[in-house]
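In: sharing a model prediction with you, sequence too.
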Amino acid sequence: MSQPSSQSSTSVTPESSTNGSQSTQQAPSTLVAQDQATAPQVDSEASAPDGDVRTDTPVDTAPDAPDAAAVTSTKSDAVDTGADAVSGAGGEEETGDAAANPPPVQDGDGAAADEAEGPQAGEDLYFVPEGQLPAVATSGTSYVAGICVECEEAIATLTCDECTDEYCEECFNLLHRKGKRAQHTRVNKKKEDLENVKAQARVLTTVDVDVDASENPPLRPLQLLQLERNSPEWFRERAKFIPVRLSMTERKRLRLMKGMLVVSEYTTKVDHGGFASKAKRDRVRYSQLCSVLTGLALGTNYEIGEKLTVSKDFAKYEPFYHQMFEICRRHKIMNPEKMRTTYGKLLCMVQDSCDPELVEGLGFHFKTPIKTVYSTLKKNQCLGVLDHPRLATATMEILPGDKTRQQIQKEIKEKESAQEQIAREFQYRMKKDDLKWLLYSMSDNNSFLRCARFPVDYMIECLLKHFNPKKAEKGLSLAIMAGTKDARLTHSHEHQFLFVHQTLTLWKQILDDMFRLWYLAEEDFLDSTPYKLTDTGQGLHRLQPAPRIYSSMRAILAKTQQDLGVWIGSSVIHLGDTNVPNALTFIDKYNQVPMILNPIVQTLKEIPRICKKHRDVADWIKKTFKSAENLEKTICHDFFSTGFDGSGADNFYDAGSCIDGRLTSAWNWCNTLPSKPFYRIFCLAGYTNFDGQFQE
């Protein structure tokens, strides 16, 4: 399956991650002089405890459940270390992290999910710890009694009479959604039976975030999606994955990191099949990483860098290097459109640095937790900020729309007032400017999510506005036939309407949770699970399982299916195979969704203005498409039919209706745009390309 990936570097998966040298010494003052930042700084050390990571097993692939997702992930221990460091060099302005006017935030509509049968609504489902497991079944099965046989992590709340297996609510619904299994009988377990298992259980979270023992147990992925938007619980969970906006000093360090990544040829030299043995490849990796560390030291303090070229005592400055790599990763998460050719290279370096043999040579590894709003508040004992009743107002997004100038000014004053009140109430533990900096970071997050979701929302509106699922307008039927043009699927008008609607809804859910998915993607990519360089048909990629991303994607898919009620096509989630080799490829693919839809949305919105401003163009549109409205319908019809025709498969015999193939099919449509009869309208509306700019 061809992938709409924009990363120039190879896909990634770590060898085996270790603790390395857990050096806690501070970088000597001779390496870096503390810069006086013009913007407030919020330095924090977000350290994630070692935790057990659960194992995902392949979903049942019985004949009556052919579309069940199947991805195997590996159990591992993730070790994160963090340290503060200081540095300085150059300065740079950037709009994504600008400290001037904090970006606005949106209040979205959210609804709690329906109550599930089995445990009471709101009850936590627990994972069973090692050493306290219920009796293992002895009838040749490999699962643990009392645990869901599908995910092997959640308490089984029901059984299936026909399957004679135990399931959690989520997995039962996923596997018994259609086919013969839809007729199976479910039997909810008695509450006392569940309590007996829960009495022995403790939570094993799949997310390596710092969790205090006094806090509530971490929520499972599906429970996270069911939180009410703008509730205290929703803010607490979101804040765990929202990066802190870069300060002025951090931007200076970022400039040095960007320069290093641009000139580095790390992935080109280490990710190829020309090595006779692993030892030779390890020597090249070690040499390249030493060059990177030396270059960063020379760019910061020439005298120290000169000494390091000889001594190779990089572990002495571990906090400094940790800070440099963390800043770059945080910047990329907040600005997905930047570092498109260098981000993969960066993560490959961090991933390889966790190899035990390289850790032994370097004295440490580059992996450190991302500095988030939650970790910073927790470090300063200010988590009460996330429960403040005016937090939604303090982080809201102010959009002009049809508002008057007076209304906009009123909203601005309300937002500033809320920020001032929160900062004033918690200033005894944290500086007011630093607290406001965190509120600005949350506003950045909401602005990004709105911008990412907007094109999807607009296309859903166009689908519902221009097409009736029950009756196709003459010449605008969405029906497709396998074998016609590039189509691999056969759908009636109604089925294609539902197929497009559910795909756009799924994309919306993924983009709404993008920051958490990105956090998990890095955790999977930098995990201790070994990767394998594999030719996927698009070059060598680092093939590696992604259990955290898979678990969250399965929850998002389950919620989307539950909300829509009907699901057309396959529900297979490709992760850790030749289609989506690793978590880095996954996150890169779904960053393409706004890039694919934005030019279409822009053109549809510009058509009325173009007709009004250019009479000759309006006459051409009337002559060719009969009317401007009919032109909009034509564009939407072409995209909704040929952009979701299953052409994202590897070959003609594989239907591209899986979760990954839907996106690739849409990307294939983008490549055919110049041959469309309405291509001129796209050009008049300002279209240049779908892929954006690779160079900053």
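Out: Thanks, I have it.

In: contacts and neighbour counts: CA atoms only from here.
Out: Noted.

In: check which helices and strands the host helix or strand of Gln409 is in contact with.
Out: Using DSSP states H and E, Gln409 sits within helix 405-425. In terms of contacts (3 or more C-alpha pairs under 8 Å, 6 or more residues apart in numbering; DSSP states H and E), helix 405-425 is packed against helix 391-394, helix 432-466.

In: buried ones in it?
Out: Within helix 405-425, the residues scored as buried using 16 or more other C-alpha atoms under 10 Å are Ile408, Glu411, Ile412, Glu414, Lys415, Ala418, Gln419, Glu420, Gln421, Ile422, Ala423, Arg424.

In: tabulate those residues (TSV), appending distance to Cys611 and pLDDT.
Out: Putting those into TSV (distance: C-alpha to C-alpha, whole Å; pLDDT from 0 to 100) gives the following:
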residue	distance to Cys611	pLDDT
Ile408	31	91
Glu411	35	91
Ile412	36	93
Glu414	40	94
Lys415	39	93
Ala418	44	94
Gln419	44	93
Glu420	47	94
Gln421	49	93
Ile422	49	94
Ala423	50	93
Arg424	53	92
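
In: return the member of those residues nearest to Lys474.
Out: Nearest to Lys474 among the buried residues of helix 405-425 is Ile408, at 44.6 Å by C-alpha to C-alpha.

In: wait, that closest one sits on Glu397?
Out: No - here Ile408 lies out of contact with Glu397, judged by C-alpha atoms under 8 Å, at a distance of 10.9 Å.

In: pull out the buried positions in stretch 382-394.
Out: Buried residues in stretch 382-394, defined by neighbour count with 16+ other C-alpha under 10 Å: Cys382, Leu383, Val385, Leu386, Asp387, His388, Arg390, Leu391, Ala392, Thr393, Ala394.

In: can you list the neighbours in contact with stretch 617-637?
Out: For stretch 617-637, the surrounding residues in contact (C-alpha atoms under 8 Å, 6 or more residues apart in numbering) are 462-463, 466, 476-478, 604, 607-608, 610-612, 678.

In: wait, what's in contact with Leu673?
Out: The neighbours of Leu673, taking C-alpha under 8 Å, 6+ apart as the test, are Tyr679.

In: what distance do you get for it to Ala628?
Out: From Leu673 over to Ala628 the distance is 19 Å, taken as C-alpha to C-alpha, to the nearest Å.

In: is it true that Thr529 touches Gln544?
Out: Yes - applying C-alpha under 8 Å, one finds Thr529 in contact with Gln544, separated by 7.2 Å.

In: higher neighbour count, those two?
Out: For Thr529 versus Gln544, neighbours defined as other C-alpha atoms under 10 Å are more numerous around Gln544 (32 against 22).

In: and that one, how close does it get to Pro530?
Out: Gln544 is 7 Å from Pro530, where distance means C-alpha to C-alpha.

In: same check, this time on Glu303
Out: Look at Glu303 and Pro530: by C-alpha to C-alpha, they are 37 Å apart.

In: give me the more crowded residue out of those two.
Out: A direct count of neighbours by other C-alpha under 10 Å for Glu303 and Pro530 places Pro530 higher, at 19 against 12.
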